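[1] Give me a model of this one.
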Amino acid sequence: MSSMPEPGTVEQLTLAKALNAGLRRAMEDDPKVVLMGEDIGKLGGVFRITDGLQKDFGADRVLDSPLAESGIVGTAVGLAMRGYRPVVEIQFDGFVYPAYDQIVSQVAKLHARSRGRYPMSMVIRIPFGGGIGAVEHHSESPEAQFAHTPGLKVVACSNPSDGYWMVQQAIAHDDPVIFLEPKRQYHSGRAPVDVRADPPALFSSRVTRAGSDVTVISYGPSVSVCLASADAAAGEGRSLEVIDLRTLSPLDLGPVFESVRRTGRAVVVHEAHRNLGLGAEVAASIAEECFYSLAAPVLRVGGYDTPYPPARIEEHFLPDLDRVLDAVDRVLAH
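    A predicted model of the protein is given here:
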């Protein structure tokens, strides 16, 4: 089989390689794990996340599907009902909508509707977000639509270590999981992945940078933007605490509340449209739980409330360091 980190080692991996290693480990550990998607076999997927897996595990476990997302997810529903653990790849985030009916009407409901008779242990992997200069329907942020659907779990990795561990945890989980992967970070850089580590629980958030002045909350592709903003703010004597939510449904807001009670100020950042995005739920929850600790309103930084723009101007649409620091300045001005 192709090389991957051996137990007891730490290896520098890109997010793409870490996800590949995590999928490989899950397939080695459980013969019921089956991968399905468009061009994921011989090609290894458009982002090469499944590279080499069909060669090593066979075409009966890494299936190249027709270009029909509804059919892919519908087939996975049947496999999950029979005790398999299918992992579906949606090639691009904007392609998930033909399968939206299957996901909301079947994947999210069958376990409850059958009173537990039919398991629905499946993972739907979705590359999401912008930043790669793609054409229409190739850069979307649909997370709020799935997080608003009872019966689905929704998580978003932001770094190679989380990619490696979270994809295995999602596959082992007994409920259906929407697994969001920030596509612009697939090949953006390497980071250490310790395969001996005791990873955080799947449905948990984490403080990725400690600070004392403002709590900055994000997930997925915006986490790196927030960390860069914290570096820039430190040069001006301002201390930002950055929290990676990691799980969007269920939300784990305990670390957020603890942080905001110390800092008194919060900014929520995501690429999705600001209106009715995950940031609105996080902000409302902070206002409910930390009202007497707040020294300023909770601010949100998100994409504009327009359809995703052409690639040439996407940098004006996506939250960047300047927009995050502007929000930090405004909460500190109160």
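[2] which SSE is residue 192 in?
    In the assignment (DSSP states H and E), residue 192 maps to strand 191-194.
[3] Show me the contact partners of that strand.
    Residues outside strand 191-194 that contact it (Cβ atoms under 8 Å, 6 or more residues apart in numbering): 5, 9, 10, 11, 12, 13, 18, 21, 159, 160, 161, 164. From N, CA and C alone the C-beta is placed, and that goes for glycine too.
[4] So what's the residue count around the third one?
    Read that as residue 10. Residues near residue 10, counting by other Cβ atoms under 10 Å, number 13.
[5] List the contacts of it.
    Neighbouring residues of residue 10 by Cβ under 8 Å, 6+ apart: 192, 193, 194, 195, 196.
[6] Residue 145: which of these is nearest?
    Closest approach to residue 145 among the contacts of residue 10 (Cβ to Cβ): residue 193, at 30.6 Å.
[7] Next, count neighbours for the closest residue to residue 253 other than its chain neighbours.
    Once flanking residues are discounted, residue 253 sits nearest to residue 285: 5.5 Å by Cβ to Cβ, 6 or more residues apart in numbering. The tally of other residues near residue 285 (other Cβ under 10 Å) stands at 15.
[8] Check residue 136 too.
    Neighbour tally, residue 136, other Cβ under 10 Å: 12.
[9] now the one 5 residues further on
    Summarising burial for residue 141: neighbours were counted as other Cβ under 10 Å, giving 25.
[10] Also the one 4 residues further on?
    Number of residues near residue 145 (other Cβ under 10 Å) recorded here: 19.
[11] got it, and the one 4 residues further on?
    For residue 149, the number of neighbouring residues by other Cβ under 10 Å comes to 19.
[12] wait, it sits on residue 106?
    No. Counting by Cβ atoms under 8 Å, residue 149 stays clear of residue 106, with 11.6 Å between them.
[13] quick one on the thing from earlier: looking at the contacts of residue 10, state which has the most neighbours.
    residue 193 (25 neighbours).
[14] What's opposite that residue in the beta bridge?
    With DSSP bridges as the criterion, residue 193 is bridged to residue 11.
[15] Against residue 246, how distant is it?
    Residue 193 sits 16 Å away from residue 246, going by Cβ to Cβ, to the nearest Å.
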